[in-house]
Structure formats: structure tokens, C-alpha cells
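S.K.: coords below, sequence missing:
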């Protein structure tokens with residue numbers, strides 16, 4: 001037997017990885033190394049770290065805010081509740097991410113999902129008047145259902161029923177979705193009552209000016225093949241913003257966060273509050289809430305895994321994600337634990353695409369993300385020092401890269417073009433991954449049947465289409481608010 005190291009072993013040695021990490025996460029098998037995984041983990045953390053601030057901002061009930069709903073605790077100020085929720089957000093995210101790292105061995109980050117937290121605070125608690133404890137009880141119920149369905153393989157089976165054009169359209173749809181989120185945070189795209197979206201005051205807005213500079217700096221670094229270009233772009237833009245503020249050119253709150261609050265580590269008022277939510281529950285309303293959380297979380301996570309999995313080369317020749325039940329279990333456990341701790345549904349983040357594009361391929365990337373979340377407990381919230389416009393530069397870069405997925409779609413086949421096209425268009429225009437997937441799934445059996453290819457449509461795909469029609473009927477007919 002030769003004493004020469006194998007190609008994979010040589011890559012590991014050259015990468016300088018600890019042998020335990022290399023063997024446990026399978027660096028050689030996935031064609032990666034420790035340095036790449038760490039950079040990927042840092043990249044993903046930086047792009048999703050805003051959730052440490054944004055999630056508590058959405059879930060906290062502020063007395064002076066005109067937005068209804070949210071979590072309020074007697075005897076505690078809104079600022080103290082905010083800090084409790086920041087800690088809970090970090091802990092729930094870390095638990096889910098560590099399951100992703102050690103059980104699923106995938107490079108995905110998880111945290112309380114945007115949209116779902118707004119539905120929790122504004123619709124369920126605010127509009128419907130449901131106690132926030134009951135909303136948390138619905139989250140825990142949804143999480144337990146997910147754990148059971150994942151354990152028996154039902155979630156993986158349903159996801160594998162996704163029509164091929166929908167799977168291939170998800171990546172591009174997520175790319176457009178990421179672009180809108182990123183451009184809005186950077187001040188390049190703004191709301192407009194006439195056209196919905198419009199170009200911002202780029203030449204006069206310091207945030208937009210610095211964002212454009214950081215964006216093109218990142219593009220240039222990436223084009224030059226510099227490893228960690230996205231991280232360098234985010235950190236460089238952040239440091240420049242802080243530098244200009246320190247120089248007195250701008251006040252705090254313009255290019256930097258207005259303040260970085262001190263942590264409130266006592267979260268005992270939130271832990272276990274969901275148990276009180278099961279008392280005096282109105283079954284029909286409770287079922288509708290669980291149903292809505294369930295549907296949106298299920299297909300948001302599925303869409304993210306398939307879309308980011310496509311970018312990372314994780315899908316097989318049929319467009320399926322092998323062993324998808326493992327990352328789904330991380331999502332299910334995170335949701336359950338998050339509800340028990342006191343936060344809304346935990347889901348897999350589309351920002352994981354940033355780390356995957358940096359080369360992250362194993363659970364080591366997720367481990368780094370989770371450790372950085374825990375580290376932010378020491379200087380809570382560490383992520384608040386990074387302005388949102390700086391972290392969201394990565395989303396626009398990744399959005400451009402994800403556009404390439406559109407070439408996998410068979411545009412000359414109308415039964416592929418319609419579902420894929422609707423998935424891509426509806427996703428960013430409705431600000432929802434789930435709605436884009438729903439549009440594609442509903443259209444697929446209809447178009448296939450119209451083409452005379454009824455036999456090619458699986459009965460499960462018809463059932464999914466019908467389920468989505470029912471979901472849209474419930475979600476958009478006003479039933480949720482009417483029963484409040």
C-alpha cells in the first residue's frame with residue numbers, strides 16, 4: 001500500500017483542518033476544507049444576524065407604536081421584553097442550527113422566520129386578539145406535528161411530489177426575493193404608492209451611496225476570485241460606516257445603529273408561557289392558526305432547502321434533495337424549542353445561500369453559524385453593530401448568482417414554463433416563498449392535463465394543488481379575522 005496521501009487527504013492537510021472535524025463532517029467527501037467552511041459560516045451568520053434585532057422588534061409590543069399586537073409582560077418595559085426576545089431568538093436559533101450541524105450535516109442556518117413572526121404578532125395577537133401565550137401554544141403544536149411527520153418520512157414524501165419545473169424555478173425565485181430584500185435594506189429600492197417599487201434617492205441618501213460602494217466592491221472581489229469576498233465586503237462596508245460616523249460626518253443612526261442596548265438575560269417570564277396558552281382555547285380558531293403556521297413554515301422551508309440545495313449541488317438527477325428529512329428535523333426541533341422558549345416559528349434561512357456560494361458544504365458551516373449566534377450572547381446583540389444595509393449586500397450578490405438556475409428549466413415545454421414561471425414571479429411579488437411554490441404546484445396538473453398528459457400527473461400532485469387552493473381560500477378570504 002502506498003504511503004502517499006490520497007487526494008482528499010492532501011486537501012485536508014493543506015487546508016489545515018483538525019482531523020476530528022474533517023472526519024466527522026466528511027470534508028474530503030464533500031470537496032471542502034476547514035477554512036472554507038469557517039468562511040462560509042461567518043458569511044451566512046453575517047447575512048442573517050439581523051434577525052437578532054429584527055425578530056424581537058417585530059414580536060415586542062411597543063406602547064407608542066401604532067402597530068397592533070406583540071408580546072408584553074406586566075412589570076417589564078418594552079426595552080426589557082425586547083432584550084429577552086433577543087436572547088430567546090439566539091438560543092432557539094442555536095438549538096436548531098446545532099441539530100442541522102450534527103444530525104443533518106448540512107450548511108444551513110435557521111432562525112425565527114420573517115413573515116411568520118409578523119403573522120404571529122400583528123395578525124394573531126393584534127388583529128385576532130388571541131393571547132400571545134396561545135399563539136406560542138400553536139407554534140409548539142405545529143412543531144410537534146412537524147417532528148412526527150418528519151420522523152415517519154411524510155414531509156420528505158410531500159416535498160418529492162413537487163413538480164420538476166417548480167423545483168428548478170425555486171432557486172431563481174429565491175434569487176429575486178433576496179434581491180428585493182437586499183435592495184430595500186440598502187435604500188436602492190423604496191416603496192412607491194403608484195408603482196409599488198421605485199428607485200430610491202441613491203445620490204443623496206448616505207446609506208444608499210455606501211451600499212452601492214460596498215456592493216460593487218464585493219462584486220469586484222468576487223470576480224477577482226478572492227476567497228471570503230462576501231465577508232470582506234460586509235465587514236469593509238460596516239467599518240467604513242462606523243469610520244464616517246466616528247469622524248463626525250454623520251450622526252449615530254444614519255450609517256450605524258442608533259444604539260446597541262445592553263442584554264437582558266432573564267428570560268424566565270417567557271419560558272414555558274405556551275403552557276398557559278392551552279387554557280381556554282377556542283378549538284376552531286386555534287386550528288386555523290396552527291394550519292396557517294404549518295402551511296407557510298412547511299413550504300417556506302421546503303422551498304429554501306430545494307433552492308439553496310440546487311445552488312450547492314445537493315440535488316440529485318431527479319431534482320430531489322437526498323436525506324432531506326434530516327434538515328427538516330432540525331427545522332421541526334427548532335420550531336418546537338423556540339415556541340417553548342417564547343419565540344415564533346423557526347425556519348431554514350434563504351440567507352444560507354450566501355454561505356453555500358462561499359463554498360460551505362457540510363455541517364461545519366452550520367456549527368460555525370451556531371457558535372457565532374451563541375457568541376453574540378456575550379456582547380448582546382453583537383449583530384446590531386452590523387448595519388442591515390451592509391449585511392444585505394450579500395443577498396444581492398447571491399441573487400445574481402442564483403439567476404443561473406433558470407437555465408435548468410425546459411422553457412420550450414409549456415407544462416414546465418408555466419409552473420416554473422409562476423413560481424419565479426409570484427415569490428418576490430408576494431414576498432413569500434410559500435406562495436410562489438403554491439402557484440407553481442397549482443398550475444402544473446392543470447397545464448399537464450390540458451396538454452393531454454393527465455397520466456403523467458401523480459395523484460399526490462393533484463392533492464397538493466387542492467390543498468393549496470384551500471389554503472389560499474382560508475388565507476385570503478378574511479376567515480382568520482372574521483372568526484376573531
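M.R.: Here it is on my side, so go on. Here the structure is a predicted model, which is why all the values come from computation and not from measurement.

S.K.: hey, let's count contacts and neighbours off CA atoms from now on
M.R.: Noted.

S.K.: Just give me the neighbour total for the spatially closest residue to residue 44 that is not a sequence neighbour.
M.R.: Nearest non-adjacent residue to residue 44, counting by CA to CA, 6 or more residues apart in numbering: residue 355, 4.8 Å away. When neighbours are counted by other CA atoms under 10 Å, residue 355 registers 35.

S.K.: Would you tell me what the next helix or strand after the helix or strand containing residue 355 is?
M.R.: If you go by DSSP states H and E, residue 355 is part of helix 352-357. For helix 352-357, the following helix or strand on the C-terminal side (DSSP H and E) is helix 363-375.

S.K.: for the chain, which helix is longest?
M.R.: In the chain, assigned by DSSP state H, the helix with the most residues is helix 283-311.

S.K.: What helices and strands are in contact with the following helix or strand past that helix?
M.R.: Counting by DSSP H and E, the next helix or strand C-terminal to helix 283-311 is helix 325-341. When contacts are defined as 3 or more CA pairs under 8 Å, 6 or more residues apart in numbering; DSSP states H and E, helix 325-341 packs onto helix 78-99, strand 110-112, helix 132-151, helix 154-160, strand 346-348.

S.K.: My guess is the residue nearest to residue 44 contacts residue 40. True?
M.R.: Yes - applying CA atoms under 8 Å, one finds residue 355 in contact with residue 40, separated by 4.1 Å.

S.K.: Could you tell me which residues touch both of the two?
M.R.: residue 365 (CA atoms under 8 Å, 6 or more residues apart in numbering).

S.K.: if we can go back for a sec, report all helices and strands that the longest helix of the chain contacts.
M.R.: Using 3+ CA pairs under 8 Å, 6+ apart: helix 283-311 touches helix 116-118, helix 132-151, helix 164-185, strand 346-348, helix 352-357, helix 433-450, helix 459-476, helix 479-482.

S.K.: show me what contacts residue 368?
M.R.: 37, 38, 41, 42.

S.K.: and if you look at residue 182?
M.R.: Residue 182 touches 389, 392, 393, 394, 395, 396, counting by CA under 8 Å, 6+ apart.

S.K.: about what we covered before: dump the helices and strands packed on helix 283-311 into a markdown table; add mean pLDDT and distance to residue 201 as well.
M.R.: Formatted as a markdown table, the helices and strands packed on helix 283-311 follow (pLDDT from 0 to 100; distance: least, CA to CA, whole Å):
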| stretch | mean pLDDT | distance to residue 201 |
| --- | --- | --- |
| helix 116-118 | 82 | 28 |
| helix 132-151 | 94 | 39 |
| helix 164-185 | 85 | 12 |
| strand 346-348 | 92 | 33 |
| helix 352-357 | 90 | 27 |
| helix 433-450 | 89 | 29 |
| helix 459-476 | 86 | 34 |
| helix 479-482 | 62 | 37 |
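
S.K.: Among the contacts of residue 182, name the ones in helices.
M.R.: 389, 393, 394, 395, 396.

S.K.: Paired strands for the helix or strand harbouring residue 198, with orientation please.
M.R.: Using DSSP H and E, residue 198 sits within strand 196-199. Using DSSP bridges, strand 196-199 pairs in its sheet with strand 189-192 (antiparallel).

S.K.: if we can go back for a sec, hmm, who's touching the helix holding residue 355?
M.R.: Counting by CA under 8 Å, 6+ apart, 39-44, 47, 107-109, 230, 308, 311-312, 365, 394-395, 398 sit against helix 352-357.

S.K.: Please apply the same query to stretch 387-400.
M.R.: 46-48, 50, 172, 174-179, 181-183, 185-187, 207, 211, 214-215, 218-219, 230, 233-235, 237-238, 255-257, 351, 353-354, 357.

S.K.: That stretch: which residues count as buried?
M.R.: 387-399 (16 or more other CA atoms under 10 Å).

S.K.: and what of stretch 271-280?
M.R.: For stretch 271-280, by 16+ other CA under 10 Å, it's 271, 272, 273, 274, 277, 278.

S.K.: Could you export the helices and strands packed on helix 283-311 to CSV, including columns for distance to residue 24?
M.R.: Below are the helices and strands packed on helix 283-311 laid out as CSV (distance: least, CA to CA, whole Å):
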stretch, distance to residue 24
helix 116-118, 34
helix 132-151, 23
helix 164-185, 29
strand 346-348, 22
helix 352-357, 19
helix 433-450, 33
helix 459-476, 37
helix 479-482, 47
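
S.K.: gap between the most centrally placed residue in the chain and residue 319?
M.R.: For the chain, the residue nearest the mean C-alpha position is residue 349 (2.0 Å; CA atoms, centre = their mean). From residue 349 across to residue 319, the span is 20 Å (CA to CA, to the nearest Å).

S.K.: next one: residue 103
M.R.: Taken as CA to CA, the span from residue 103 to residue 319 is 22 Å.

S.K.: These two - which one has more neighbours?
M.R.: Neighbours around residue 103 and residue 319, counted as other CA under 10 Å, are more numerous at residue 319. The numbers are 20 against 14.

S.K.: and that one, what does it touch?
M.R.: With CA under 8 Å, 6+ apart, residue 319 has these contacts: 164, 167, 168, 310.

S.K.: so the second one sits right up against residue 307, yeah?
M.R.: Yes - in this structure residue 167 lies within contact range of residue 307 using CA under 8 Å: 7.2 Å.

S.K.: ranking the contacts of residue 368 by neighbours, who comes first?
M.R.: residue 41 (32 neighbours).

S.K.: Pretty sure that one sits in a strand.
M.R.: No - counting by DSSP: H, G, I helix; E, B strand; the rest coil, residue 41 falls outside a strand, being helix.

S.K.: Contact partners for it?
M.R.: Taking CA under 8 Å, 6+ apart, one finds 107, 355, 360, 364, 365, 366, 367, 368, 369 in contact with residue 41.

S.K.: which regions of the stretch 101-250 of the chain lie under the pLDDT threshold?
M.R.: Along the stretch 101-250 of the chain, segments meeting pLDDT under 70 span 227.

S.K.: Quick check: closest non-adjacent residue to residue 370.
M.R.: Residue 370's closest residue in space is residue 94 (CA to CA, 6+ apart), at 4.8 Å.

S.K.: Give the burial count for that neighbour, as a bare number.
M.R.: The number of residues near residue 94, taken as other CA under 10 Å, comes to 24.

S.K.: From what I see, it and residue 376 are in contact.
M.R.: No - using CA under 8 Å, residue 94 is not in contact with residue 376; the gap is 10.8 Å.

S.K.: shared neighbours of the two, which are they?
M.R.: Joint contacts of residue 94 and residue 376 (CA under 8 Å, 6+ apart) do not exist.

S.K.: just how off-centre is stretch 208-224 within its chain?
M.R.: How far stretch 208-224 lies from its chain's middle: 23 Å, per CA atoms, centre = their mean, to the nearest Å.

S.K.: try stretch 82-99
M.R.: Worked out by CA atoms, centre = their mean, stretch 82-99 lies 14 Å from the chain centre.
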